[in-house]
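1. 3D, please:
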Amino acid sequence: MKPSRGSIPRRSSRSRCIRIWGWLPSRGLKVARRIGFAGKQASVVARLLVNLAKFYMANDCTLAEINPLVVTKQGEIVAIDAKVQFDDNALFRHPEIVALKMIRKTDPLEVRATKANLNYIKLDGSIACLVNGAGLAMATMDVIKLFGGSRPNFLDVGGADGGWSQGSLPHQSSPTKSQRHSEHLRRHRQV
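-> Got it, this is the predicted structure:
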């Protein structure tokens, strides 16, 4: 228990969740009591924790967190905020979650890459790189950096099964400013 914002206590606890069984109500009750709840409040928190664990398992989450969980003056338990992260590699099993993604806030090239089942992240740089596998991508990026270069993107085709074609790759129709600058430098070095 740690003080947070004056005299408001902050409590946290960790407990393992076994995928086959999830969290049994008895486990939820044990954790609720461990973090300071008793009676009816402990039962409410236990049910909340058990349902959070079910949600986590059912949706292939990498994180499911309620923070803060508060007790009102009337003694009610309220989850004020929550954070959820999903395993990108399991999203194919959850089209309803993919549909919730706010595409308009994402880079259009990243959207195209996602539709082509590619991992793409736009970076500032001048040396393009297309690799098969995140490990090779990271090693290649290290070598490029070692020799003074930088990459304009991170594009990993990650063992794609052929469902994509070169036409579906998220390339730009016109080069970025850094790519134009790189091409300009390359031409002047050859002269």
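
2. going forward, measure contacts and count neighbours with C-alpha atoms only.
-> Fine.

3. Got phi/psi on Val70?
-> Dihedral pair for Val70: phi -120, psi 160, per degrees, to the nearest 10.

4. what do you get for the one 3 residues further on?
-> Here is the backbone geometry of Lys73 (degrees, to the nearest 10): phi -60, psi -30.

5. For it, grab the count of nearby residues.
-> For Lys73, the number of neighbouring residues by other C-alpha atoms under 10 Å comes to 7.

6. confidence score at it?
-> As predicted, Lys73 sits at a pLDDT of 93.

7. ok, now which ones touch it?
-> Not one residue lies near Lys73 by C-alpha atoms under 8 Å, 6 or more residues apart in numbering.

8. distance of it from Asp107?
-> Taking C-alpha to C-alpha, to the nearest Å as the measure, Lys73 and Asp107 are separated by 44 Å.

9. swap in Arg33?
-> The value you get for Arg33 to Asp107, if C-alpha to C-alpha is used, is 45 Å.

10. The two: which is more packed in?
-> For the pair Arg33 and Asp107, the greater number of neighbours falls to Arg33 (17 against 13), based on other C-alpha under 10 Å.

11. Now the more buried one: which helix or strand?
-> Following DSSP states H and E, the helix or strand that holds Arg33 is helix 25-34.

12. Downstream of that helix, the next helix or strand is which one?
-> Proceeding N to C from helix 25-34, the next assigned helix or strand is helix 39-58, under DSSP H and E.
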